[in-house]
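Colleague: How does the following fold in three dimensions:
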Amino acid sequence: MPKKPKITLTQLRKALKSKNDSVRYNAMFDFAHSEVTPDAIATLHGALTDSHVGVVRYAAVALGKLGPAILSFGRPVLDVPQMVWDLIKAARRVDPVTGMPQAYEDCLEALVKIAPTEELVIGLIHDYIGLTNWYPLKASLQALKIIGTTEALDLLERAAVFWTPELDKKQKRIVQEIVSGKR
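Modeller: Model prediction:
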């Protein structure tokens, strides 16, 4: 099995200054697939606003690896940790061509690892669970199951009932596995 590529935080910082999307994306991809440490939080936070959605997605992946340790970063906004606000903002960013949020799934997964009981996370899911695209729906259902609160499980059940008639056979099976806890 080949070793995962390693990139240092210094190399990542340098790459993120590049005007070349590929340089920034490849550096962030490699960094997110390496061991991520808390000293990278500020750099990863800055990458959430990058113009290339791939950089944003893998910055979210890397932040998710750090879990709740990132909640102390920055200044809270209305008693909500800054990182939660900024991941939600990144999750909501809509691609002008497709009209779909391109980093939603990765940002949501990070939010569930970082602050699963934060009210705004359920709010984000509630706002985006109705998108007519399988991937945000699947990510939303999985997140709701992981969150596991009464409110989350209620929304999970209602969304599953609503969307099941629209899904193909494989998607229906996946939804049933999520709802039943097998996935």
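Colleague: What helix or strand is the spatially most central residue of the chain located in?
Modeller: In the chain, the C-alpha nearest the mean C-alpha coordinate belongs to Cys107, at 1.7 Å (Cα atoms, centre = their mean). Following DSSP states H and E, one finds Cys107 within helix 104-114.
Colleague: Excluding chain neighbours, what is closest to the residue nearest to the centre of the chain?
Modeller: Ala91 (3.5 Å; Cβ to Cβ, 6 or more residues apart in numbering). C-beta: built from backbone N, CA, C; applies to glycine.
Colleague: what residues are up against that neighbour?
Modeller: 60, 101, 103-104, 107-108, 111, 124, 128 (Cβ atoms under 8 Å, 6 or more residues apart in numbering).
Colleague: May I ask which helix or strand encompasses it?
Modeller: Counting by DSSP H and E, Ala91 is found in helix 82-92.
Colleague: could you give the angle of that helix to helix 104-114?
Modeller: What separates the directions of helix 82-92 and helix 104-114 is an angle of 160 degrees, with axes from the mean of the first three to the mean of the last three Cα atoms, to 10 degrees.
Colleague: Go through helix 82-92 and flag the buried ones.
Modeller: By 16 or more other Cβ atoms under 10 Å, the buried positions in helix 82-92 come out as 82-88, 90-91.
Colleague: repeat for stretch 125-143
Modeller: Buried, per 16+ other Cβ under 10 Å, within stretch 125-143: 125, 128-129, 134, 136-143.
Colleague: Can I get the residues you listed in a markdown table including pLDDT, distance to Lys6 and secondary structure?
Modeller: As requested, the buried residues of stretch 125-143 are exported to a markdown table (pLDDT from 0 to 100; distance: Cβ to Cβ, whole Å; DSSP: H, G, I helix; E, B strand; the rest coil):
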| residue | pLDDT | distance to Lys6 | secondary structure |
| --- | --- | --- | --- |
| Ile125 | 96 | 34 | helix |
| Tyr128 | 91 | 34 | helix |
| Ile129 | 91 | 37 | coil |
| Trp134 | 91 | 34 | helix |
| Pro136 | 93 | 32 | helix |
| Leu137 | 94 | 35 | helix |
| Lys138 | 95 | 31 | helix |
| Ala139 | 96 | 28 | helix |
| Ser140 | 96 | 33 | helix |
| Leu141 | 96 | 34 | helix |
| Gln142 | 96 | 29 | helix |
| Ala143 | 97 | 30 | helix |
